[in-house]
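Trainee: Fold the following, please.
(8 chains)
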There are 8 protein chains.
Amino acid sequence: MSEEVRFDHARAGRTGMPEVVFAERKTRAQIALCLREQYAGAGYAFATRVAPEDGPDLAAEVPGGRYDETARIVVSGGLPRSGVRVGVVCAGTSDLPVAAEAAATLHWLGHDVYERYDAGVAGIHRILEAREELERCRVVVVAAGMEGALPSVVAGLIGAPVIAVPTSVGYGASFGGLAALLAMLNACAPGIGVVNIDNGFGAAALAHKIVLARVNA
Amino acid sequence: MSEEVRFDHARAGRTGMPEVVFAERKTRAQIALCLREQYAGAGYAFATRVAPEDGPDLAAEVPGGRYDETARIVVSGGLPRSGVRVGVVCAGTSDLPVAAEAAATLHWLGHDVYERYDAGVAGIHRILEAREELERCRVVVVAAGMEGALPSVVAGLIGAPVIAVPTSVGYGASFGGLAALLAMLNACAPGIGVVNIDNGFGAAALAHKIVLARVNA
Amino acid sequence: MSEEVRFDHARAGRTGMPEVVFAERKTRAQIALCLREQYAGAGYAFATRVAPEDGPDLAAEVPGGRYDETARIVVSGGLPRSGVRVGVVCAGTSDLPVAAEAAATLHWLGHDVYERYDAGVAGIHRILEAREELERCRVVVVAAGMEGALPSVVAGLIGAPVIAVPTSVGYGASFGGLAALLAMLNACAPGIGVVNIDNGFGAAALAHKIVLARVNA
Amino acid sequence: MSEEVRFDHARAGRTGMPEVVFAERKTRAQIALCLREQYAGAGYAFATRVAPEDGPDLAAEVPGGRYDETARIVVSGGLPRSGVRVGVVCAGTSDLPVAAEAAATLHWLGHDVYERYDAGVAGIHRILEAREELERCRVVVVAAGMEGALPSVVAGLIGAPVIAVPTSVGYGASFGGLAALLAMLNACAPGIGVVNIDNGFGAAALAHKIVLARVNA
Amino acid sequence: MSEEVRFDHARAGRTGMPEVVFAERKTRAQIALCLREQYAGAGYAFATRVAPEDGPDLAAEVPGGRYDETARIVVSGGLPRSGVRVGVVCAGTSDLPVAAEAAATLHWLGHDVYERYDAGVAGIHRILEAREELERCRVVVVAAGMEGALPSVVAGLIGAPVIAVPTSVGYGASFGGLAALLAMLNACAPGIGVVNIDNGFGAAALAHKIVLARVNA
Amino acid sequence: MSEEVRFDHARAGRTGMPEVVFAERKTRAQIALCLREQYAGAGYAFATRVAPEDGPDLAAEVPGGRYDETARIVVSGGLPRSGVRVGVVCAGTSDLPVAAEAAATLHWLGHDVYERYDAGVAGIHRILEAREELERCRVVVVAAGMEGALPSVVAGLIGAPVIAVPTSVGYGASFGGLAALLAMLNACAPGIGVVNIDNGFGAAALAHKIVLARVNA
Amino acid sequence: MSEEVRFDHARAGRTGMPEVVFAERKTRAQIALCLREQYAGAGYAFATRVAPEDGPDLAAEVPGGRYDETARIVVSGGLPRSGVRVGVVCAGTSDLPVAAEAAATLHWLGHDVYERYDAGVAGIHRILEAREELERCRVVVVAAGMEGALPSVVAGLIGAPVIAVPTSVGYGASFGGLAALLAMLNACAPGIGVVNIDNGFGAAALAHKIVLARVNA
Amino acid sequence: MSEEVRFDHARAGRTGMPEVVFAERKTRAQIALCLREQYAGAGYAFATRVAPEDGPDLAAEVPGGRYDETARIVVSGGLPRSGVRVGVVCAGTSDLPVAAEAAATLHWLGHDVYERYDAGVAGIHRILEAREELERCRVVVVAAGMEGALPSVVAGLIGAPVIAVPTSVGYGASFGGLAALLAMLNACAPGIGVVNIDNGFGAAALAHKIVLARVNA
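Mentor: You can find the predicted model right below:
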């Protein structure tokens, strides 16, 4: 059915953020069709939540396509470089897929990415060490699972806006990321915007709009 | 106990966002003490969630103090004007206190505020009418209760980052704003940062940090 | 055990809505038995939630049987054409199975179906374009996952009753469709009846009863 | 602020359902202003959720105004009589306010209302006695608290569409009407549309749209 | 480790209800060990929640062992016949495993079981037909999923105590049986005792204790 | 409206349990009307959940009426003595109102009541001391708040069926009795029937039906 | 009824922790009776959760009684001094009542208390400043509301066991302390024991048992 | 990426509790790398939540490595023996993996472990029999699923601090261990610290810190 892949190509012009392909719940054939249509219309392609068993084949559907297994992203081309620096921070191995999704999206959108992936609050000196680098970012994405405390600490340290991404990392009373989500919504440090659980892409999209805001208005 | 009113006066320098007085759960005496200490240290005073029966008396505690009954804010002085325009949108009467808290905070932080308070999605033409004005804002705060759909619609219309504030307006299956909160976290339009239920102040703080990001980094 | 397939054949006469086969949690053998018994008693057969691996074989159990893979329905025959038009609207690929279940059920019940499957609220112009067509429907089924905002917008645009079907499309704080369900129950536009998550069949059944109401009472 | 009472007077033309005044969370002065503005524009006035201590005074704000204490409604005038009969059913004393809100709204919208208020499922003979009368209604609103079972039973008995209204009647594990709400969403009888907890007005609005559907499309 | 299979053989003497083997989360080897130890000490064996792939092999572990696939029970021997009649009621195919678990347990405990498995409330005449038979039972177990309304109806019809078993049958807002559980706890008919979701065994155990109460005290 | 007080006087004959007056959410006038109607039809009167400020006045509405402040019950007359002994157990002061409601209801229904109100599991010797007395009861009602552990312990000690009543006693993560309710539904000792939170009356009604079961079937 | 005030005076000998009076849900008369009985048996008295309007009067019931309004505790006498130091930490004004309850209980139990009440994670330097003092405590109680992050940070800094007390401080998505509770249960730093929301007394009791453990075993 | 395995080797010195490898959500290659790095830096290795299919191979990665299948732990070496005795108690087979994780961790940390794995509250005599042995432990870990009542009983019997571990054992209304978790947080016996669901390791870590507290402060 053609509706399924009718891209809203005007969206980038309208909102600054291009429509991309969200692969979850789509068949491989549907994703392939989307990627080709997107590439034909825009000269680039970008799909998130691509399963490892589909990634390499789908990357081959578009010229210059590549699959990033950690971020689970198929990408081809990208937006012009902005020269702006955005931070992406998380605690460690388990939060990596979400942080990597944010970082890869930001890179595709044209931004420089400062990454710091060992900053759990149980070793508070590690985030303190990163402070100076974070001060040099225009906006910082912070991904955290379990108790979700890292955004509060970061937002109390630096001046940049913080985008908090709860991850589903945890078990038991983490309830699939609900614990981290609630913690971030209740952060005692003001100036934090929260996105959905595991939504690294959404965090990057918001960061991108914040960067653009400097240019446009 | 002196700890109770020990202000973190360095916070504004560190994070760009001054510490303010959150009046809920404080006695009138505690709030008064906080306001005076804040004024003494910073030359301004700002308290949110001040009950109507306390507002006028507390406003009198600091030179030039004033109580905004809709926003439930006591304010004296403010930051220098930035010349930047920030939008605040909501659906109507019931969401007004939250929208007004955001608007009053933004004004105190030095920004120009564009307000539009009749934009419920059941009359979609109203938000469409406001589109041009919203395009001229660097960031837009959208407060909504009930089904919380307005941020999705706004973020699909304009390029500015959207800060979504769920309100506790509703009854029954709104569960005190939970319905609107979940809706906003699941918005299909990317580029939305969500804050806590009824947290107009937090939305303004995030908007402020986004505006500052233009200047600092 | 014979109780398992004892159809309430009198139900159609009593309530206007024939009993059908709900395949979930039934074995293939149980479903086959139900289909044959239904066909024998009523001259048609209709089963929902039929898994793709069972569909074609089960369709072969009844004369003229056919399997609709998107809607996951096995169908044979149907009710007389009513000449009444019912709308089915959703946002895109992911909500398609639920919308298709509603549309296929409505078709089997004898109604004409107007379908529009690209109407996400992040591109609000698309639902506005469909307005005229929707005005010509006697009732409109609106399926939406994620923030579930579409029914509010549709019910604010047109005069027909709206039946809202939350879908389990989403992740994280969508909690399996709970976010969309709560949003729909809290819709600010009056005149919306909500059915269970992913219940495309139930939405069609209610639409059918609404159409019949014109004839009967 | 004038936005607060800016009525969407065009809504009745657009959707068949006039905008009304929802009094909860509004001050008495705001409600009075709304009622007068509504009366001035439309020639009638209608406000729901009006507290008993405000009702009589607010009724006096508009010509011919009257306060219905059980339904908590202020009303003046109404739509032309339709001659169509709508049923309203509940179990007893505790559900009465919600049922009465639905009935009063339907009456104001021009319909005849058949009321039956003693039909709890613990005495199943009572709803069976009402069956013949219910068959003569074009649509039936069923309000129920506690286990919320009544809509399932009614929808299995008659051909008319059923609108289910969970009420917050109950205690403990009723969780403010959640138990009844979930029960209704999971009703085994198809053809039921559910509205928010205690939303008698919304149920009436949906019934009204269903009645109009006969006329319009 | 011997603790794993240390039976509390004194429990039957103390409480009237023998300890049995709950197979879920146990390995096949652990279950086999339990069955043999139970048979050695008590002369009978009884295990619930036995998976179909393990059932036949495990039945062979004890003399006269048999596997009931619907009830998912391995049984050998049983208690002396009591001559007392207990009812087990449910709506249809999907609730059958839970009802069958209750019925098989009651039979093993020595009671006569009256079964009625087609009594959904959407066809209320079916439970009314069973009334006379149910009046002849000393206690009635009622299993229901979805809206869980059946126990309320039964308890309003007959004098015997009703044991309500919510089942996890349903989808979406059934939340794994939570909807039915809450409905049963809020039943408007008094005299209903509720057990855990899908706990057919527990319902039978309570029924057994109720039957014994006649004899003992 | 006469429906409000239409008693189902046939219920006692049908189910063994007379209909009573549930005072919550009723006005004093409505309760008085119910009590008088009940007394006129049945020769006794019984109302639960009567607020202390209404109790004495309402007791005066019926001949021989009396208000029990702990149990919050108005009672006049009662059923003939059965000579059967029923146990009521709880931990202490806070659970007393619920236990007292159960005990007063059982007494009114004609049974002898053994009460033990100091049996918290933190002092396990106390319930062990009561074991012999509990063995002499035909059924035992156990009310518990907080962690709700007492029913498991009692059901493991004695042969009589146990009716568990979670109470709303507790704070924080007790969530109004939810913690105790869930604990009781998950009791590791079989043979427990659970009723709604704080439903001392319902527990007594079930105990009454269990006692009657000895006589009837 | 004498059961209501039957103290388990043997508990202190058995468990090291004396039984105390929990005043919530008790009448003033009941509390007074408890305090007198406790004093008579043990030579000290201690009641928590005493409302300000009752505190002074109740303090007068026992020799040397005193009311601590912040901690809401009535106390007379106490256990011998242990010379052991226990830390109590929280973020500020709003968490003070819970922290003060813990501190007052610890003092009454004979321990020295190190208090630090300005340690919110949004100003991470403040808890770092306290590190050396905290290292000198045998166990540390950390009370926190909102995002509940403080225990994770403290447990990552020092060697002493940490007892985490979530407080109900917050609003909206804090859900009465649930957000903080979940955060603490999911803390990434091991070695944290969590108690109920607002349970300052319970935290102190656990700390006391930990201190005693040094002496006893 | 080297960040993934950057151990915080200083943590043991800082907090007394060494950092270990949490295998869940890590690939086999990541776990192997972590184990080798840990062994190289500390002379021991310890990983929890290792799946049975990975266990033996991973154990071979470090000298003297061994896989404990019940506890799902890979271990090599350990801390010096402390001579202190810690208790670990649970009800039976299903809770064993969690109890075994706690016991194996405690053993690795150098402590003697007293284990009692048949102490369900439905046979209360069994925990009473263990009382004397438990009195000789400095701290006791109690794991329980279902109704989670065991910690309350143990904490009422002995003087040592109790660490409660809810397990996910159960079904239906256990909601993955939520029932047990809430019960433990609401325990009526003071002096209980609760850890996350199934967190046997965390319980052991807290016990270890409590033991160390005797030595350090």
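Trainee: which stretches of chain A have low pLDDT?
Mentor: Scanning chain A for pLDDT under 70 picks out A:1-7, A:214-217.
Trainee: how about the helices of it, start to end?
Mentor: Using DSSP state H, the helices of chain A run over A:11-15, A:28-42, A:55-59, A:96-108, A:125-129, A:131-135, A:150-157, A:178-185, A:200-216.
Trainee: a markdown table for the ones you listed, including mean neighbour count?
Mentor: All C-beta atoms are positioned from the backbone trio N, CA, C, and that covers glycine. A markdown table is the format used below for the helices of chain A (neighbours: other CB atoms under 10 Å in any protein chain shown):
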| stretch | mean neighbour count |
| --- | --- |
| helix A:11-15 | 17 |
| helix A:28-42 | 18 |
| helix A:55-59 | 18 |
| helix A:96-108 | 26 |
| helix A:125-129 | 17 |
| helix A:131-135 | 15 |
| helix A:150-157 | 28 |
| helix A:178-185 | 30 |
| helix A:200-216 | 25 |
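Trainee: Need the nearest residue in space to the residue in chain A positioned nearest to chain F, chain neighbours excluded.
Mentor: Nearest residue of chain A to chain F, counting by CB to the nearest CB: residue A:173, 10.6 Å away. With sequence-adjacent residues excluded and distances taken as CB to CB, 6 or more residues apart in numbering or on different chains, residue A:173 is closest to residue G:185, at 4.2 Å.
Trainee: what do you get for residue A:47?
Mentor: In space, residue A:47 is closest to residue A:21, 3.7 Å off (CB to CB, 6+ apart).
Trainee: circling back to that earlier point, pretty sure residue H:202 is one of the things the residue nearest to residue A:173 touches, is it not?
Mentor: No. Between residue G:185 and residue H:202 there is no contact under CB atoms under 8 Å: 9.3 Å.
Trainee: anything in contact with each of those two?
Mentor: H:195, H:196 (CB atoms under 8 Å, 6 or more residues apart in numbering or on different chains).
Trainee: who's in contact with the residue lying closest to residue A:140 once chain neighbours are set aside?
Mentor: The shortest distance from residue A:140 to any non-neighbouring residue, by CB to CB, 6+ apart, is to residue A:87 (3.8 Å). Contacts for residue A:87 (CB under 8 Å, 6+ apart) come out as A:113, A:114, A:115, A:116, A:133, A:134, A:137, A:139, A:140, A:141, A:160.
Trainee: Check residue A:198 too.
Mentor: By CB under 8 Å, 6+ apart, residue A:198 lies in contact with A:98, A:165, A:166, A:167, A:168, A:177, C:171, C:172.
Trainee: Make a markdown table out of those residues and add distance to residue C:148.
Mentor: Compiled in a markdown table, the contacts of residue A:198 are given as follows (distance: CB to CB, whole Å):
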| residue | distance to residue C:148 |
| --- | --- |
| A:98 | 24 |
| A:165 | 22 |
| A:166 | 21 |
| A:167 | 24 |
| A:168 | 21 |
| A:177 | 20 |
| C:171 | 14 |
| C:172 | 15 |
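Trainee: would JSON lines of these with distance to chain G be doable?
Mentor: Converted to JSON lines, the contacts of residue A:198 look like this (distance: CB to the nearest CB, whole Å):
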{"residue": "A:98", "distance to chain G": "16"}
{"residue": "A:165", "distance to chain G": "15"}
{"residue": "A:166", "distance to chain G": "11"}
{"residue": "A:167", "distance to chain G": "11"}
{"residue": "A:168", "distance to chain G": "12"}
{"residue": "A:177", "distance to chain G": "10"}
{"residue": "C:171", "distance to chain G": "19"}
{"residue": "C:172", "distance to chain G": "14"}
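Trainee: now, which of these sits nearest residue C:193?
Mentor: Using CB to CB, residue C:171 is the member of the contacts of residue A:198 that lies nearest residue C:193, at 26.9 Å.
Trainee: So that closest one is in contact with residue A:195, correct?
Mentor: No. Checked against CB under 8 Å, the pair residue C:171 and residue A:195 is beyond contact range at 11.8 Å.
Trainee: Between those two, tell me which one has more neighbours.
Mentor: Using other CB atoms under 10 Å in any protein chain shown, the more surrounded residue of residue C:171 and residue A:195 is residue A:195, with 32 against 22.
Trainee: Buried ones only from the contacts of residue A:87, please, as a PyMOL command.
Mentor: Filtering the contacts of residue A:87 down to the buried ones (16 or more other CB atoms under 10 Å in any protein chain shown) takes a single PyMOL command:
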select buried, chain A and resi 113+114+115+116+133+134+137+139+140+141+160
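Trainee: got the contact list for whatever residue of chain A ends up closest to chain H?
Mentor: Among all residues of chain A, residue A:172 sits closest to chain H, at 2.9 Å; criterion: CB to the nearest CB. By CB under 8 Å, 6+ apart, the contact set of residue A:172 is G:185, G:186, H:166, H:168, H:176, H:177, H:181, H:196, H:197, H:198, H:199.
Trainee: go with 10 Å
Mentor: By CB atoms under 10 Å, 6 or more residues apart in numbering or on different chains, the contact set of residue A:172 is A:179, G:182, G:185-186, H:165-168, H:176-178, H:181, H:195-199, H:202.
Trainee: re the thing from before, what's near enough to touch the residue nearest to residue A:173?
Mentor: By CB under 10 Å, 6+ apart, the neighbours of residue G:185 are A:146-147, A:170, A:172-174, A:179, G:148, G:164, G:166, G:192, G:194, H:166, H:181, H:185, H:194-197, H:199, H:202.
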